[in-house]
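> Here is my input, please return the structure:
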Amino acid sequence: MTEKSKAIYPGSFDPVTRGHLDVIERARGLFGTLHIAVLSNPEKKALFTPEERIELLRSETAGLAGAGVLEFSSFEGLTARLAVEVEAGWIVRGLRSAADAAYELPMAHSNRRCGETEIETVFLPAGAETSFISSSLVREIAAGGGLLEAFVTPGVEAALRGRFSS
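Residues are numbered from 1 along each chain as shown. All right, here's what the predicted structure looks like:
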């Protein structure tokens with residue numbers, strides 16, 4: 001049985017950015033439980049392991065506002081299948097731009113129809129202060145030794161500096 005007060009927020013979170021945290025905080029206020037699902041894609045070379053990304057998410061969300069319960073896991077495969085497995089009735093996605101919407105809308109339609117039950121997607125638009133942030137941009141700035149304060153929290157910045165100083 002799918003729980004309508006539970007949502008999943010899937011993503012790579014490699015690394016978690018201030019934009020991700022904004023979406024998590026706002027979604028946490030909308031749902032009784034928000035399941036943050038870290039995508040593990042063997043085809044892509046991730047900077048952090050799924051376990052490291054979950055640990056960063058746990059530490060960076062500990063102080064966020066919102067009454068909703070947070071759950072964490074990693075997954076491979078279809079988001080709609082994961083939603084059924086964790087008994088979520090909703091998928092949360094953040095939108096930064098029209099390009100994101102063009103990509104996410106067909107995914108939302110597919111997720112609604114390809115699961116065992118119809119799963120709805122809730123889109124949360126990024127605020128102006130985070131709409132330009134992407135994990136790939138953050139990785140590029142970190143690799144070049146640039147300033148990261150506007151993009152990630154101090155804890156994530158420390159993890160990035162540690163990764164790129166090796």
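> can you pull the pLDDT of the residue nearest to residue 156 when sequence neighbours are not counted?
The spatially closest residue to residue 156, leaving aside those adjacent along the chain, is residue 15, at 5.1 Å (C-beta to C-beta, 6 or more residues apart in numbering). Backbone N, C-alpha and C define where each C-beta goes, glycine included. Reported pLDDT at residue 15 in the predicted model: 97.
> Surely residue 15 touches residue 55?
No - with contacts defined as C-beta atoms under 8 Å, residue 15 does not count as touching residue 55, sitting 11.2 Å away.
> thinking again about what came up before, checking the residue nearest to residue 156 next. Helix, strand or coil?
Under DSSP: H, G, I helix; E, B strand; the rest coil, residue 15 falls in the coil class.
> Next, give phi and psi for it.
phi -100, psi 170 (degrees, to the nearest 10).
> which ones are touching it?
By C-beta atoms under 8 Å, 6 or more residues apart in numbering, residue 15 lies in contact with 47, 48, 53, 56, 135, 138, 139, 152, 156, 159, 160.
> And residue 142, by the same measure?
Applying C-beta under 8 Å, 6+ apart as the definition, the contact partners of residue 142 turn out to be 148, 157, 160, 161, 163, 164.
> what helices or strands is the helix or strand containing residue 34 leaning on?
Mapping residue 34 onto the secondary structure by DSSP states H and E places it in strand 33-39. Counting contacts by 3 or more C-beta pairs under 8 Å, 6 or more residues apart in numbering; DSSP states H and E, strand 33-39 packs against strand 3-11, helix 18-28, helix 50-61, strand 69-75, strand 88-95.
> quick one: which of those has the weakest pLDDT on average?
For those, mean pLDDT drops lowest on strand 3-11, to a mean of 87.
> want to throw the contacts of residue 142 into JSON lines with distance to residue 62?
Rendered in JSON lines, the data for those read as follows (distance: C-beta to C-beta, whole Å):
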{"residue": "148", "distance to residue 62": "20"}
{"residue": "157", "distance to residue 62": "17"}
{"residue": "160", "distance to residue 62": "19"}
{"residue": "161", "distance to residue 62": "21"}
{"residue": "163", "distance to residue 62": "21"}
{"residue": "164", "distance to residue 62": "25"}
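> Counting neighbours, which of those residues comes out on top?
Neighbour counts for these were taken using other C-beta atoms under 10 Å; the highest belongs to residue 160, with 22 neighbours.
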